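A.B. asks: After the sequence you'll find the predicted model.
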Amino acid sequence: MRLLYSFMAPRHFVAGRSELTSAGFTPSRIDTWVRIGRLIKLFRGVYAYGRDVETSSSARRAALTVAGSGAALVGRSACEVWGMVTPKRGMPRLIEVGIGTGEARLLRGRSPALRGTTVKVVTREFQTGDIRMKDGLSLTSPSLALIDLAGAASDREVRFAFLEACRLGLFDEGDVKACFDRLVHRRGATKLRLCLALWVPELRRVRSVFEGWFLMACVEGGCVIPKVNVRVAGYEVDAYWPEHGIVLELDGAAFHAGPVQKKLDLRKQRTLEARGLAVIRLTFKEFEADPEGSVERIIERLKG
């Protein structure tokens, strides 16, 4: 049992029959373990060690294993592992997997935990460098994951995933070009191209989707691009136009709603104003309601 445990542990406690036999476990031993419940059948020829899968990572590992050699997570599934898209709670209902050769197909889980999970296997022409490893899982690069996501996601979802990729340091100028090159004749291309066209180097410094969205709105509205997340008078500010002496604080509800944070924000603002700087505050709710108008108001302040 110790040998089996050691083999399964680095694989999210999930392995395929061919993996087990290649490691030296005989078919008869595998069948015995399945019969006594030491191995739990997840898909045909794919097993979990000791008990049913309990994590999304194990479910994704099972999906990759049943899809076959060379499989990689694609689309939303890859975006979730990269952290660009927040997965829903519980076991994933749909896992998207790409393969270089073979037929597209739908596979349904057999264990109680995966009975509501479908693995969608699609064919993809992978190039060198397209497939990466993260958390022990094979998946496509962030740029390819975004391209696949754009085919089925809303404009908002694509924009937010793109900005999360920038925030996480997964997307730079080279990825912009790569995306443009690979978007030809792809579904959802227009949605992603709109984001790519508004990319600027400062997007690599953002710490929230709000900051990234504001920068993209600045580019689209013809506003001077500010310095992002720089220190001014001992404080880190969200956006700063040094030649105009203007600071913009972007107040997202998640970080600025509490009374303690509001008190700190006020102290920061008074210190900046005492240094002769103008401080503008913009909430996410205000910006989301009217991005263009928000940028136009900033432009007017810069002109003044």
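C.D. replies: Noted; the coordinates are in hand.

A.B. asks: Give me the pLDDT for Ala253.
C.D. replies: As predicted, Ala253 sits at a pLDDT of 58.

A.B. asks: ditto for Arg159
C.D. replies: Taken from the predicted model, the pLDDT recorded for Arg159 is 96.

A.B. asks: can you tell me which residues contact Ser141?
C.D. replies: 129-132, 175 (CB atoms under 8 Å, 6 or more residues apart in numbering). No exception for glycine: its C-beta is placed from N, CA and C like everyone else's.

A.B. asks: and it, how far is that from Arg132?
C.D. replies: 6 Å (CB to CB, to the nearest Å).

A.B. asks: now Val14
C.D. replies: Separation of Val14 from Arg132 (CB to CB): 19 Å.

A.B. asks: Can you pick out the residue with more neighbours from these two?
C.D. replies: Neighbour comparison, Val14 and Arg132: the larger count goes to Val14, with 26 against 18 (by other CB atoms under 10 Å).

A.B. asks: Report the contact partners of the residue nearest to the more buried one when sequence neighbours are not counted.
C.D. replies: Closest residue to Val14 in three dimensions, ignoring its sequence neighbours and counting by CB to CB, 6 or more residues apart in numbering: Arg61, at 4.4 Å. In this structure, Arg61 makes contact with 11-12, 14, 136-137, judged by CB under 8 Å, 6+ apart.

A.B. asks: In the sheet, which strands lie alongside the helix or strand hosting Val122, parallel or antiparallel?
C.D. replies: In this structure, Val122 is located in strand 118-123 according to DSSP states H and E. Pairing partners of strand 118-123, with direction, according to DSSP bridges: strand 94-99 (parallel), strand 105-108 (antiparallel).

A.B. asks: List the buried residues in that strand.
C.D. replies: For strand 118-123, burial by neighbour count (16 or more other CB atoms under 10 Å) applies to 119-122.

A.B. asks: What is the nearest of the contacts of Ser141 to Pro259?
C.D. replies: Closest to Pro259 out of these is Asp175 (40.6 Å), distances taken as CB to CB.

A.B. asks: tell me the SS of the closest one?
C.D. replies: Secondary structure for Asp175, judged by DSSP: H, G, I helix; E, B strand; the rest coil, is helix.

A.B. asks: how close does it sit to Thr86?
C.D. replies: For Asp175, the distance to Thr86 under the criterion CB to CB works out to 21 Å.

A.B. asks: domain ranges for this protein?
C.D. replies: The record's domain parsing of the chain by automatic domain parsing lists 2-49, 150-199, 201-303.

A.B. asks: Distance to Gly68 added to the ones you listed, as CSV?
C.D. replies: Output for those, formatted as CSV (distance: least, CB to CB, whole Å):
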stretch, distance to Gly68
domain 2-49, 9
domain 150-199, 23
domain 201-303, 36
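
A.B. asks: Most tightly packed of these?
C.D. replies: Neighbour counts averaged per stretch over the domains of the chain are highest for domain 150-199, at a mean of 18; criterion: mean count of other CB atoms under 10 Å.
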